[in-house]
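Engineer: Fold the following.
(one chain, ligands or ions: 2)
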Amino acid sequence: MASVCSGCECNYFEFIQKFYKNNEAAIAYLRDHGVLPLEVICPLCKTPCYYRAQRHDWYCGVTRKIHHRKKRCHYVVSDYKGSFLSGAKMEPYKIICFVNHWLNKRGHYKTVLQCLGLSRKTGAAWQKSFAEVTEHWLDNQEPIGGPGVVVDIDETLFGKMKHEKGKSQSQIWVFGGIERDSKNYFISPLEEPLTENLMSLIQKYILPGTVIVSNRWNAYSSISDHDYVHQVINHSGDFVDKENAKAHTQSVELLFHDVKEWTLKPGSRPHFYKQYLAQLLFQQQHTHSNINHYFFREAARMYPPDFEAEEPSSVSVAEESSDNESQESDVSDEDEGSPSTSE
Ligand SMILES: [Zn+2]
Ligand SMILES: [Zn+2]
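Structural biologist: Numbers count the residues shown, from 1 in each chain. Ligands and ions are numbered 1, 2, ... in the order given. Prediction:
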């Protein structure tokens, strides 16, 4: 079986040149990146289905014997089933060109909508889906550290104060860690209650045995209760490990360097901060040439095409009223409500 793309480069304009008004190329690209299945095996016949391009579906069509009568298997499943494109009404080239625009933020938004023939409502809905992909990426960063590895951690408050109500509604706590040597890092929003969520983020993103270096914030005090070595930088105390303090400061400055320039525009709903952070970090951690590749790989991870989960119950095996119990609809039918099944 063919495997998914392990890396490709295509800058903003090359991407448009390649895919604009070219659904065939767009579908191939989505397949190459695992967003759409490369192969579908009929769950009834265990043989590969064939792809019907006009219908955007996979069809079995195998003839087999049921009760001494030859019957054609009519198993069929939408190409989009369970995928990032599940339920999409838009042509595939439009979706990926719109992603390309969204990731690169070039061109006037209104012009892009007009060129792709999209309404504002459709544009907004798809941008929400795109943001979910980058949020998924943010939530699933690779853990760092390991036995003996030094990781500097820090927290910071981003955003502008909203003065009207005297409340810090437009601000968000951001927490991160960076390996002192390799500079591998993670950054995550830190939601209330801070102390509790902090420890779960540490355990999610920092491997056991790591030497964690932090400031004296109270919320960090329980780190040593877990499987870590905890060093606290005490800038004002009698005993100051100057070298360690200096290295720690340099590390955390580097850590938040990318998000320092962050300006908040999303209004006052805290929900959007994470989206902004995710999009910003995603853009900053990828180049203009490989960003589409990583986006679609993430979309495939988030929505793995789940054709195998298709229950035989939605398939008409034979028209005749067979009393074949084994083919009677199986119990679980969770996918019934899925809008993508009959695309
Ligand atoms: Zn690729
Ligand atoms: Zn079949």
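Engineer: For whichever residue of the stretch 101-250 of the chain sits closest to ligand 1, I want the exact helix or strand it lies within.
Structural biologist: Nearest residue of the stretch 101-250 of the chain to ligand 1, counting by CB to the ion: residue 103, 13.6 Å away. Every residue, glycine included, has its C-beta placed from N, CA and C. Assigned by DSSP states H and E, residue 103 belongs to helix 92-104.
Engineer: likewise residue 134?
Structural biologist: helix 120-139.
Engineer: distance between that helix and the chain's centre?
Structural biologist: How far helix 120-139 lies from its chain's middle: 9 Å, per CA atoms, centre = their mean, to the nearest Å.
Engineer: what residues does that helix touch?
Structural biologist: Here helix 120-139 makes contact (CB atoms under 8 Å, 6 or more residues apart in numbering) with 84, 90, 95, 98-99, 102-103, 109, 113, 118, 187-189, 274-275, 277-279, 281-282, 294-295, 298-299, 301-302.
Engineer: if we can go back for a sec, name the nearest residue to the residue of the stretch 101-250 of the chain closest to ligand 1, sequence neighbours excluded.
Structural biologist: Once flanking residues are discounted, residue 103 sits nearest to residue 291: 5.0 Å by CB to CB, 6 or more residues apart in numbering.
Engineer: contacting residues for the one you found?
Structural biologist: 103, 104, 282, 283.
Engineer: so the second one touches residue 287, yeah?
Structural biologist: No - the criterion here is CB atoms under 8 Å, and residue 104 misses it with residue 287 at 10.8 Å.
Engineer: how about the residues of the stretch 1-150 of the chain that lie near ligand 2?
Structural biologist: For the stretch 1-150 of the chain, the contact set with ligand 2 under CB under 5 Å from the ion comprises 42, 44, 45, 60, 62, 73, 75.
Engineer: Sitting in helices, which of the residues you listed do you find?
Structural biologist: Per DSSP state H, helices hold no members of those.
Engineer: okay, those residues in JSON lines with distance to ligand 1 next?
Structural biologist: Formatted as JSON lines, these follow (distance: CB to the ion, whole Å):
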{"residue": "42", "distance to ligand 1": "28"}
{"residue": "44", "distance to ligand 1": "33"}
{"residue": "45", "distance to ligand 1": "32"}
{"residue": "60", "distance to ligand 1": "30"}
{"residue": "62", "distance to ligand 1": "33"}
{"residue": "73", "distance to ligand 1": "34"}
{"residue": "75", "distance to ligand 1": "30"}
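Engineer: of these, buried ones?
Structural biologist: 42, 44, 45, 60, 62, 73, 75 (16 or more other CB atoms under 10 Å).
Engineer: My guess is the last one contacts residue 50. True?
Structural biologist: No - the pair residue 75 / residue 50 is not scored as a contact, 11.2 Å apart, by CB under 8 Å.
Engineer: Quickly list what's touching both of those two.
Structural biologist: residue 59.
Engineer: need the contact list for residue 25.
Structural biologist: 18, 19, 93.
Engineer: The second one: neighbouring residues, count only.
Structural biologist: For residue 19, the number of neighbouring residues by other CB atoms under 10 Å comes to 23.
Engineer: tell me the contacts of it?
Structural biologist: The neighbours of residue 19, taking CB under 8 Å, 6+ apart as the test, are 25, 26, 29, 93, 96, 97, 100.
Engineer: Give the ChimeraX command for selecting the buried subset of those residues.
Structural biologist: Burial among these is assessed by 16+ other CB under 10 Å; the matching ChimeraX selection reads:
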select :26,29,93,96,97,100
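Engineer: Is it possible to get CSV of the contacts of residue 19 that adds pLDDT and distance to residue 179?
Structural biologist: Listed next are the contacts of residue 19 as CSV, based on pLDDT from 0 to 100; distance: CB to CB, whole Å:
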residue, pLDDT, distance to residue 179
25, 95, 40
26, 96, 38
29, 96, 34
93, 95, 40
96, 94, 34
97, 92, 37
100, 91, 32
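Engineer: hey, where'd the strands end up in this protein?
Structural biologist: Counting by DSSP state E, one finds strands in the chain at the ranges 50-52, 57-59, 63-66, 69-72, 76-78, 144-145, 150-159, 171-179, 185-190, 206-207, 211-214, 229-232.
Engineer: tell me the average confidence for the fifth one?
Structural biologist: Computed over strand 76-78, the mean pLDDT rounds to 93.
Engineer: returning to that earlier point: let me have the strands of the chain in a markdown table, adding mean neighbour count and distance to residue 36 as columns.
Structural biologist: Below are those laid out as a markdown table (neighbours: other CB atoms under 10 Å; distance: least, CB to CB, whole Å):
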| stretch | mean neighbour count | distance to residue 36 |
| --- | --- | --- |
| strand 50-52 | 14 | 10 |
| strand 57-59 | 20 | 10 |
| strand 63-66 | 12 | 27 |
| strand 69-72 | 12 | 25 |
| strand 76-78 | 24 | 10 |
| strand 144-145 | 22 | 32 |
| strand 150-159 | 21 | 37 |
| strand 171-179 | 22 | 34 |
| strand 185-190 | 22 | 30 |
| strand 206-207 | 20 | 34 |
| strand 211-214 | 22 | 42 |
| strand 229-232 | 16 | 46 |
